[in-house]
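Chemist: coords please:
(one chain, ligands or ions: 1)
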Amino acid sequence: MLFEDLNLIEPIKKAIKTKGFVKPTPIQSRAIPSLLKGMDLLGCAQTGTGKTAAFAIPILQGITLQHKANASRRQIQALIIAPTRELAIQIADSFEDYGKNLTLKTLVIYGGVSQNPQTKDLTKGIDILVATPGRLLDLINQRYVSLKNVKYFVLDEADHMLDMGMLQDVKKIIAHLPKEKQTMFFSATMPAEIEKLANSILKNPIKIMVTPASSTVEIIEQELYYVDNGNKVNLLIDLLKNKDIISALVFSRTKHGANRIVKNLGKAGLVAEAIHGNKSQTARQLALNNFKERKTRILVATDIAARGIDIEELSHVINFDLPEVPETYVHRIGRTGRASHGGTAISFCSQAEKPLLKSIQKLTTKFIVEIDDHPYPLIETSIEVIVKSDRRKPSMKAVTQGKPRNSRRNNDIKKKVVKTEKMRNN
Ligand code: AMP
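Modeler: Alright, predicted model coming up:
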């Protein structure tokens, strides 16, 4: 199927062409026809699948064809809520991109900045509002926002809203919406509370599941480096200096960790910027823009700050620390390999992180290739490498999913033997 086959109006087709897209992604080819018919949608899809266009295109077309003529003054006809400011900004950018040949007005509002410019824009009248829940609720309560004319409602990354404790605010916002509307609900995972919320607001929805394995994650090369915590920075410097890495998004588990990485990279002559919750919104946006525009090559982020960030042609994602929740690994590596571009995800794994790696391996269906000829191997595995090099030089080996391969088990045994002998010699 091509975009040409989707029954879209000329100005939207033209905008899609300008973006250079020809073929809809699986979620787009399934969602757009049903959404154009006015159906509700439950989408199990993460960022990277093309889900933004899947809802933005039918909303733009719907407002243009059905509702715009009725309004004497611009009123909010579409509301999109997203968990983070970065994601909200990106969604608004997409509405502007796909609607560039239309005359609709989009506004994005989020917390952490003064509300004055936002309220000023709101009073001028807008058609599409993209918002984070907290600021939106504030502005509803101050009567700057009226949702009574909303015809299209999108809840994006609902599971992340749950993680971030936003569900109460979301429910309060929903209570302000009219009963008659078209609802699109997106969540990468479906915890019970999210399923309950979806059931309570969707009417006979079309359900679309786009699993990461069949979409983006499959085209991402995944590499694994066993390395001691104390050597992770050295390994990172080594990789960033010597490897053909055009742009790298580095994930740190903590805000302090992210700052430390940036500082250490700086000492080694590698310019990097950090985004995390302790940075001001302006600083985060600036760092993100610098990265998107290729002014900085390395961006170090925590999970919350990086959620939903859409950077086209990001070549590498580096998991400096493995995530506690295996699904987060899939979210992280989905930042690279967007839609049609390939990408590489590099993960560092210390001794203490091995159990986390095991859960990740159970979840991903693709091989994670272990790179063991690097300068900072785990102290214990270095003994293993010496034994193996008696037979042949190790280079790359595939780590099978779930259980270790026999050869690995044999190596583990050898490792133990060597260690025991070493102790005896001492
Ligand atoms: P999303 O999942 O909405 O965050 O989209 C992920 C990325 O895919 C964005 O960079 C989009 O610009 C890009 N994209 C969306 N639809 C298509 C398409 N049909 N063909 C190629 N790239 C696309």
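
Chemist: which positions within stretch 349-362 qualify as buried?
Modeler: Residues of stretch 349-362 classed as buried by neighbour count (16 or more other CB atoms under 10 Å): 349-350, 353, 356-357, 360-361. (C-beta placed from N, C-alpha, C; glycine too.)

Chemist: what strands line up against the strand or helix carrying residue 370, and which way round?
Modeler: Secondary-structure element containing residue 370, defined by DSSP states H and E: strand 368-371. Looking at strand 368-371 with DSSP bridges, its partner strands are strand 220-226 (parallel), strand 396-399 (antiparallel).

Chemist: list the buried residues in it.
Modeler: 368, 370-371.

Chemist: in CSV, list those along with distance to residue 120 and pLDDT.
Modeler: Shown next, in CSV, are those (distance: CB to CB, whole Å; pLDDT from 0 to 100):
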residue, distance to residue 120, pLDDT
368, 50, 84
370, 55, 89
371, 53, 91
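
Chemist: ok, back up a step: just the CA trace of the strand holding residue 370, in CSV.
Modeler: Listed next in CSV are the C-alpha coordinates belonging to strand 368-371 (Å, rounded to 0.1, in the frame of the first residue of the first chain):
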residue,chain,number,x,y,z
ILE,A,368,22.5,-9.5,20.9
VAL,A,369,26.1,-9.9,19.7
GLU,A,370,28.7,-10.0,22.4
ILE,A,371,31.9,-8.0,21.6
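
Chemist: chain center to that strand: distance?
Modeler: Distance, stretch centre to chain centre, for strand 368-371: 23 Å (CA atoms, centre = their mean, to the nearest Å).

Chemist: what do you get for stretch 353-372?
Modeler: With CA atoms, centre = their mean, you get 19 Å for stretch 353-372.

Chemist: quote the end-to-end distance of that stretch.
Modeler: End-to-end span of stretch 353-372 (CA to CA, to the nearest Å): 17 Å.

Chemist: that older thread, and of the buried residues of strand 368-371, the nearest to the ligand?
Modeler: Using CB to the nearest ligand atom, residue 368 comes nearest to the ligand of these, at 23.0 Å.

Chemist: for the closest residue to that closest one other than its chain neighbours, report the pLDDT, please.
Modeler: For residue 368, ignoring the flanking residues on the chain, the nearest one in space by CB to CB, 6 or more residues apart in numbering is residue 222 at 4.4 Å. Model confidence at residue 222, given as pLDDT, is 89.

Chemist: any idea how far residue 222 is from the ligand?
Modeler: Distance of residue 222 to the ligand, given as CB to the nearest ligand atom, to the nearest Å: 19 Å.

Chemist: which residues pair with that residue across the strands?
Modeler: residue 345.

Chemist: just to check, it is in contact with residue 364?
Modeler: Yes. Between residue 222 and residue 364 a contact is recorded at 7.1 Å, counting by CB atoms under 8 Å.

Chemist: how about the helices in the stretch 51-200 of the chain?
Modeler: According to DSSP state H, counting those that start in this stretch, the stretch 51-200 of the chain carries its helices in the segments 51-62, 85-98, 116-124, 133-141, 158-163, 167-175, 192-201.

Chemist: among the ones you listed, which is nearest residue 264?
Modeler: With CB to CB as the criterion, residue 264 lies closest to helix 85-98 of these, at 24.9 Å.

Chemist: what residues does the stretch 1-150 of the chain have near the ligand?
Modeler: 21, 23-25, 28, 47-53 (CB under 6 Å from any ligand atom).

Chemist: give me that answer again for 5 Å
Modeler: Within reach of the ligand by CB under 5 Å from any ligand atom, the stretch 1-150 of the chain has these residues: 21, 25, 47-53.

Chemist: is any part of stretch 200-212 close to the ligand?
Modeler: No. Shown here: stretch 200-212 not in contact with the ligand (CB under 5 Å from any ligand atom), separated by at least 9.3 Å.

Chemist: that stretch - what's its average pLDDT?
Modeler: 87.

Chemist: which residues sit against that stretch?
Modeler: 26-27, 30-31, 34, 39-46, 48-49, 51, 155, 174, 183, 185, 198, 330, 334 (CB atoms under 8 Å, 6 or more residues apart in numbering).

Chemist: got the buried residues for it?
Modeler: Buried residues in stretch 200-212, counted by 16+ other CB under 10 Å: 201-202, 205-206, 208, 210, 212.

Chemist: so which of those residues belong to strands?
Modeler: 206, 208 (DSSP state E).

Chemist: mind giving me a markdown table with the buried residues of stretch 200-212 and columns for distance to residue 229?
Modeler: Listed next are the buried residues of stretch 200-212 as a markdown table, based on distance: CB to CB, whole Å:
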| residue | distance to residue 229 |
| --- | --- |
| 201 | 45 |
| 202 | 45 |
| 205 | 46 |
| 206 | 47 |
| 208 | 41 |
| 210 | 36 |
| 212 | 28 |
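
Chemist: now residue 224: how far from the ligand?
Modeler: From residue 224 to the ligand the distance is 25 Å (CB to the nearest ligand atom).

Chemist: tell me how many other residues crowd that residue.
Modeler: Neighbours of residue 224 under the rule other CB atoms under 10 Å: 25.

Chemist: burial count for residue 146?
Modeler: 12.

Chemist: OK, contacts around it?
Modeler: 75-76, 140.

Chemist: tell me which residues in stretch 180-191 are buried?
Modeler: 181-189.

Chemist: circling back to that earlier point, got JSON lines for the residues of the stretch 1-150 of the chain next to the ligand, with neighbour count and pLDDT too?
Modeler: JSON lines is the format used below for those (neighbours: other CB atoms under 10 Å; pLDDT from 0 to 100):
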{"residue": "21", "neighbour count": "18", "pLDDT": "87"}
{"residue": "25", "neighbour count": "21", "pLDDT": "88"}
{"residue": "47", "neighbour count": "22", "pLDDT": "73"}
{"residue": "48", "neighbour count": "25", "pLDDT": "73"}
{"residue": "49", "neighbour count": "27", "pLDDT": "80"}
{"residue": "50", "neighbour count": "22", "pLDDT": "88"}
{"residue": "51", "neighbour count": "27", "pLDDT": "92"}
{"residue": "52", "neighbour count": "26", "pLDDT": "94"}
{"residue": "53", "neighbour count": "25", "pLDDT": "96"}
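
Chemist: in those, find the pair that's most separated.
Modeler: 21 and 47 (16.5 Å).
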